[in-house]
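A.B. asks: Generate a structure from the sequence data that follows.
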Amino acid sequence: MTYSSSPCRPRRAVVPILAANIRRYRKERGVSQQDFAYDIEMDRTYFGGIERGERNVPIDNIERIANGLGISADSLLIESGEDPEGISVPVPEG
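C.D. replies: This is a model prediction of the structure:
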């Protein structure tokens, strides 16, 4: 179920937005999943599940990932438009 602040405009679930943003930021930095997971001391298969949107991620792990990417945690939760880091975040179709 997704929640919306407006009954006329449904919002996308947070997990796929988080997953897409993590993958995009990591790829922009040219780092493999395995190397990034190692750098932030997270299990590689667990991190892969996060990027595929298969995991509900605790806030402390969102912060760990954001710190590893050198961005603020809220940047990972923004659906579209201009994020606080000044990077355009496209909305995945679907």
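
A.B. asks: CA atoms for contacts and neighbours, from now on please.
C.D. replies: Noted.

A.B. asks: Residue ranges in this protein under the pLDDT threshold?
C.D. replies: 1-12, 80-94 (pLDDT under 70).

A.B. asks: That one: strands as residue ranges?
C.D. replies: 81-82, 88-89 (DSSP state E).

A.B. asks: ok, the closest residue in space to Phe47 that isn't next to it in sequence - how many residues close by?
C.D. replies: In this structure, Phe47 finds its nearest non-sequential neighbour in Ala37, 6.3 Å apart by C-alpha to C-alpha, 6 or more residues apart in numbering. The number of residues packed near Ala37 is 19, by other C-alpha atoms under 10 Å.

A.B. asks: for Ser32, same thing?
C.D. replies: For Ser32, the neighbour count with other C-alpha under 10 Å is 12.

A.B. asks: what residues are up against it?
C.D. replies: The contact partners of Ser32, by C-alpha atoms under 8 Å, 6 or more residues apart in numbering, come to Arg26.

A.B. asks: Quick check: it vs Arg44, distance?
C.D. replies: Distance of Ser32 to Arg44, given as C-alpha to C-alpha, to the nearest Å: 10 Å.

A.B. asks: for the residue positioned nearest the centre of the chain, what are its contacts?
C.D. replies: Nearest to the geometric centre of the chain sits Leu18, at 2.8 Å (C-alpha atoms, centre = their mean). Leu18 sits next to 51, 53, 76-78 when contact means C-alpha under 8 Å, 6+ apart.
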